[in-house]
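no sequence for this one, just the structure:
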């Protein structure tokens, strides 16, 4: 790890984060070389965005999003869910094979054609961030006659 890179949390935390980033990068390379995803436009950008989003919610830095990480993700997106709903989402993404969402399942869900609740929420959040919902600047001045 370069000395110029300033990582908070001590050396060990920085090393763990760097190892996790390298693992995710290796998986991204596999998807870049996969024939199934060759037709996907802006694949490199999408994978980079997914990697960053995934790393943000991998709370234990073990390479898996567990129930609490998913809960935090949904709360941050403004769609809080119950534990039962979160467990159903994990089963939907992993196919019931695990209690956590690994990066491969996450990318497969986001790039795949199948519609998952988590995918819909994440796509909606990206679109909402891109569109300006409030006009810039102060509200226009109103007079008494324009009030209802």
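Received the coordinates, thanks. In this text, all values refer to a predicted model and were calculated from it rather than measured experimentally.

give me the low-pLDDT residue ranges for the protein?
Applying pLDDT under 70 to the chain flags the ranges 1-10, 113-117, 119-121, 123-137, 148.

center of it - which residue?
The geometric centre of the chain, computed from its C-alpha atoms, lies nearest to residue 53 (C-alpha atoms, centre = their mean), at 3.3 Å.

Could you look up the next helix or strand downstream of the lengthiest helix in the chain?
Identified as the longest helix of the chain according to DSSP state H is helix 10-33. If you walk from helix 10-33 toward the C-terminus, the next helix or strand you reach (DSSP states H and E) is helix 43-57.

Which positions within stretch 98-118 qualify as buried?
Buried residues in stretch 98-118, counted by 16 or more other C-beta atoms under 10 Å: 100-103, 105-111, 116, 118. C-betas here are computed from N, CA, C, even on glycine.

Select, from those, the two members most distant in space.
Greatest spatial distance in the buried residues of stretch 98-118: 100 and 111, 19.4 Å, computed using C-beta to C-beta.

List the contacts of stretch 99-109.
The contact list for stretch 99-109, computed with C-beta atoms under 8 Å, 6 or more residues apart in numbering, reads 23-24, 27-28, 31, 47, 50-51, 54, 63-67, 70, 90, 93-94, 98, 116, 118-119.
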